[in-house]
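Peer 1: Below are the sequence and a predicted model; questions follow.
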Amino acid sequence: MKKFGKWIGAGLGWTIGGPIGAILGFALGSFVDASDLERFDNRSPDTTTGDFVVSLLVLIASIMKADRKVLKSELVYVKANLIRLFGKEESNEMLRILRDLLKQDIPLKDVTMQIRARMDYASRLQLMHLLMGIALSDGNVSESEIIQVERIGLDLGISQSDMSSLRNMFEKSDDWAYQVLEVNRNTSNEDIKKAYRQLALKNHPDKVAYLGEEIRKSAQEKFQKINEAYESIKKERGIV
């Protein structure tokens, strides 16, 4: 068996089966002997770190393929983001799997249905946050990729308000802070405080801590954006 990521070595659960499993078998086959897959197939009903990362890679591939062309600059940008999130060694192996995924037709609806059925909302929300960051942060996103991101969010069962909140963490409009907190300028101070508390609870990093420190750290970034938005509104309104 060739060396590969600790997130697979720690075990894969529900992604071994279904549409993701079919895609994954092709991707892992390029650097894992088929006989070795048995020891990673723990068939856990719960989401493992491996399940989360594999889901992320499959969805990244679907976004990159949305405009029917994959640019080298896109791969470079994705790699930079993976390095930031997971470190250089892990990201190199993720990129190898991603390159294989890009060669395949991805049944996106089936994939998102599988993820939605097996992954809790907090984890799906974090998955979407990572996808938004990778897709939108470079400021050079095609319309087809935007449509694909929104389609993924819809199919994953992410609410429209949560999708708007996530997007405004990366593409700041004039009302970005209000959009992040899922309120508007007519919302009372008391309701803004309430919205902040609810959003902070829903997005607390501890909700995804079971997926490992790397995922928890990325969730902490999202949590900080929520706090940044709240502090911006507090300063604007003089809320104490």
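Peer 2: Arrived safely.

Peer 1: And Val32, what's its pLDDT?
Peer 2: Looking at Val32, its pLDDT stands at 52.

Peer 1: Follow the chain on from the helix or strand bottoming out on mean pLDDT in the chain and name the next helix or strand.
Peer 2: Across the helices and strands of the chain, mean confidence by mean pLDDT, DSSP states H and E is lowest for helix 6-9: a mean of 66. Sequence-wise, the next helix or strand downstream of helix 6-9 (DSSP states H and E) is helix 18-28.

Peer 1: Show me what that next one is packed against.
Peer 2: In terms of contacts (3 or more C-beta pairs under 8 Å, 6 or more residues apart in numbering; DSSP states H and E), helix 18-28 is packed against helix 49-64, helix 88-101, helix 108-118. In short, each C-beta sits where N, CA and C put it, glycine included.

Peer 1: Show me the contact partners of that helix.
Peer 2: With contact meaning C-beta atoms under 8 Å, 6 or more residues apart in numbering, helix 18-28 is reached by 4, 8, 12, 15-16, 37, 54-55, 58, 97, 100-101, 104, 106-107, 110-111, 114-115.

Peer 1: how about 6 Å then?
Peer 2: 54, 97, 100-101, 107, 110-111, 114 (C-beta atoms under 6 Å, 6 or more residues apart in numbering).

Peer 1: Could you pull up the mean pLDDT of that helix?
Peer 2: 81.

Peer 1: Looking at the contacts of helix 18-28, state which has the most neighbours.
Peer 2: The most crowded member of these is Val54, carrying 28 neighbours; neighbours defined as other C-beta atoms under 10 Å.

Peer 1: which one is that residue nearest to, not counting chain neighbours?
Peer 2: Among residues not flanking Val54 along the chain, Thr15 sits closest, at 4.8 Å (C-beta to C-beta, 6 or more residues apart in numbering).

Peer 1: Distance of the one you found relative to Glu89?
Peer 2: Using C-beta to C-beta, to the nearest Å, Thr15 is found at 22 Å from Glu89.

Peer 1: So between these two, which is more surrounded?
Peer 2: Thr15 (28 against 12).

Peer 1: hang on, the more buried one packs against Phe52?
Peer 2: No. Judged on C-beta atoms under 6 Å, Thr15 makes no contact with Phe52 at a distance of 8.9 Å.

Peer 1: domains in this structure, as residue ranges please.
Peer 2: 1-158, 160-240 (automatic domain parsing).

Peer 1: and those, which one is worst for confidence?
Peer 2: domain 1-158 (a mean of 81).

Peer 1: how far does that domain sit from the chain's center?
Peer 2: How far domain 1-158 lies from its chain's middle: 9 Å, per C-alpha atoms, centre = their mean, to the nearest Å.
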